[in-house]
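Asker: After the sequence you'll find the predicted model.
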Amino acid sequence: MNPLKGIGAIAAKEARHIRRDRRSMLILFALPAVIVGIFGFVLSFEIENNAVAVLNQDRGALSRKLLHKTEVSRTFRLVEELSATADIHQAFSREDIKMVIVIPPGFSRALTQEGRLDLHLWLDASEPKVAWTMERGMKNITGELLRDLLPPYVPGNLPIRPLPVSTPLADARQTEHLPTVALAQKALVQNTLTQNALTPEPVIHFLYNPTLKKEAMPIPGLIMVIFILVSSIMLSISINKEKEHGTARLLNLTPLGTSSMLLGKTIPYLVISVFHILTVWLLSRHLFGVTVAGSGVHYFVLCVLFALNAMTFGILISSLVTRQLEALIICWLFLFIPNIFLSGFIFPVLNMPAFMRGLAGLLPGTSFIEAYRGIVFRGTGLAENASCLSFLAAEGVVVLGMAILIMKLRHNPR
C-alpha cells in the first residue's frame with residue numbers, strides 16, 4: 001500500500017471526525033476567535049482610572065489647579081474628599097482607594113513665594129506596579145504645574161541675561177508690586193542659583209509595602225491558581241473518572257444520596273487545600289517576607305471559602321460532561337483562563353469596559369484577590385471585606401445547588 005495514500009486516508013478520516021464533532025469544531029474554530037476578540041479588546045497593561053482621595057487644607061488657587069490637572073488625567077479619578085489627616089488610613093479600606101493626595105495649609109504660598117512644593121502623596125503599594133505608575137503620573141502633573149507657573153525659569157533653562165544688582169531695600173519695594181507669578185519666578189531663580197538645580201517633587205509615602213517588594217504582587221493570584229487547579233480541575237476530573245470507569249453507577253446504587261457522595265469526594269481535596277494554605281503562608285513569610293497584616297483567622301477563612309467555592313465550580317462542570325478530557329477543557333477555558341485574565345491578577349479591572357467589569361465581578365477570583373489584598377496587605381477585617389466574603393459564599397451555594405440539581409435530573413430523568 002502506498003504510504004501517502006494511507007496517510008491521506010487517515011487525514012480525511014480525522015477531518016470528517018472533526019466536522020461531525022460539534023465540540024471539536026467549537027474549540028478549534030470558534031473559541032480562538034472569541035478569545036482573541038474579547039481578551040484582545042478588553043485587556044490592557046495601561047493603568048488608568050485609579051481611585052484617589054484628597055485632603056485639601058490649602059484651598060488656594062494653585063491647589064485647585066493641581067486637583068483639576070489630576071482630575072482630567074487618564075491615570076487618576078478623584079472619588080472622595082477627606083476632612084482630616086486621621087481619615088487617610090481609613091480611606092484605603094473604602095471604594096478601592098489607591099492614593100491619597102494631602103495638600104497642607106500654605107501650599108500655594110510655599111510654591112509662589114519660596115519655590116517649594118509642599119505636597120504629600122500616600123500610595124497603596126500592595127501592587128508595586130500601580131504605585132510606580134501613580135507616583136510617576138503625579139510627578140508629571142506637578143512638573144506641568146511648575147512649568148505653567150514658571151515658564152521662563154524652568155530648571156536647566158535659565159535666562160542668559162544677568163540678574164540686576166539689587167539691595168534688600170530695593171527688593172522689598174519691588175516685591176510689594178510684583179504679581180504672584182513674578183514672586184515665584186524670583187524665588188525659583190534664587191533657589192536655583194544657590195542649589196544649582198531645583199527639581200521640587202512631592203513627598204511619597206508607600207503604605208502596606210514600603211520597600212516595594214515585587215514578590216508580594218503575584219502571591220494572591222498564585223494562590224488562586226493553586227486552588228483552581230486542586231479544588232476545581234482535579235475534583236472535576238476525579239468525578240468524571242468515576243463515570244468513565246463505571247463506578248459512579250455503583251455509587252448511585254448505594255443508600256447514599258448525591259449530596260453525601262459529593263461530600264465524600266470533596267473532603268480529601270479540602271484537606272489538600274488546607275495543606276496548601278499553610279504551605280503558601282509559610283513560604284510567603286520566610287522566603288518573600290510577606291506577613292499577614294490583618295487577622296490570621298480571617299486569612300484562613302478567606303482561603304477556605306475560596307477553595308470551597310472553587311470546588312463547587314468543579315462539581316458543576318463535572319455534572320455537565322461525562323469524560324475527563326471534556327472536564328479538563330471546560331475547566332481550563334471557562335474557569336482557569338477567565339480568572340487569570342479578568343480577576344485583576346494580571347490586568348487591572350478598572351481599565352476594562354463596563355460590561356467586562358461586570359463579568360469580572362462574577363468571577364470568584366476577583367473577590368478573592370480583592371479580599372486577600374485587604375486582609376494581608378492593608379490589615380482590614382471582616383467588616384471591610386464582608387461583600388467579597390458574602391459573594392464567595394452565596395455564589396458557592398448557588399453553583400452547588402445547580403450541580404446537584406443537574407446530577408439528580410440526569411440520574412433520575414423522570
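Answerer: Yes, it's here.
Asker: which ones are touching the residue sitting nearest the centre point of the chain?
Answerer: In the chain, the C-alpha nearest the mean C-alpha coordinate belongs to Gly344, at 3.6 Å (C-alpha atoms, centre = their mean). Contact analysis of Gly344 by C-beta atoms under 8 Å, 6 or more residues apart in numbering lists 360, 365-366, 369-370. Backbone N, C-alpha and C define where each C-beta goes, glycine included.
Asker: how about a cut-off of 10 Å?
Answerer: Applying C-beta atoms under 10 Å, 6 or more residues apart in numbering, one finds that Gly344 lies in contact with 127, 220-221, 350-352, 360, 363, 365-366, 368-370, 373.
Asker: For the residues you listed, name the two members farthest from one another.
Answerer: Farthest apart among the contacts of Gly344 by C-beta to C-beta are Asn351 and Phe368. That separation is 19.6 Å.
Asker: more crowded one of the two?
Answerer: Neighbours were counted for Asn351 and for Phe368 using other C-beta atoms under 10 Å; Phe368 has more, 30 against 19.
Asker: OK, contacts around the nearest residue to Glu81 once chain neighbours are set aside?
Answerer: Distances taken as C-beta to C-beta, 6 or more residues apart in numbering put Val54 closest to Glu81, at 5.3 Å, once the chain neighbours are dropped. Val54 makes contact with 63, 66-67, 70-71, 78-82, 91, 99-103, according to C-beta under 10 Å, 6+ apart.
Asker: list the buried ones in stretch 338-356?
Answerer: With burial defined by 16 or more other C-beta atoms under 10 Å, the residues of stretch 338-356 counted as buried are 338-345, 347-352, 356.
Asker: re the thing from before, who is the residue nearest to Glu81 paired with across the strands?
Answerer: On DSSP bridges, the residues paired with Val54 through beta bridges are Glu81, Ile101.
Asker: Tell me how confident the model is about stretch 149-163, as a mean pLDDT.
Answerer: Averaging the model's pLDDT scores along stretch 149-163 yields 46.
Asker: for stretch 364-379, that is, sorry about that
Answerer: Confidence over stretch 364-379, taken as the mean pLDDT, stands at 92.
Asker: Can you give me the first-to-last residue distance of it?
Answerer: Criterion C-alpha to C-alpha, to the nearest Å; first-to-last residue distance in stretch 364-379 is 21 Å.
Asker: Show me what the strand or helix carrying Lys408 is packed against.
Answerer: Of the helices and strands defined by DSSP states H and E, Lys408 is found in helix 386-411. With contacts taken as 3 or more C-beta pairs under 10 Å, 6 or more residues apart in numbering; DSSP states H and E, helix 386-411 sits against helix 247-253, helix 258-286, helix 296-320, helix 354-362, helix 364-372.
Asker: could I get those as JSON lines with distance to Arg116?
Answerer: Below are the helices and strands packed on helix 386-411 laid out as JSON lines (distance: least, C-beta to C-beta, whole Å):
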{"stretch": "helix 247-253", "distance to Arg116": "75"}
{"stretch": "helix 258-286", "distance to Arg116": "41"}
{"stretch": "helix 296-320", "distance to Arg116": "43"}
{"stretch": "helix 354-362", "distance to Arg116": "41"}
{"stretch": "helix 364-372", "distance to Arg116": "38"}
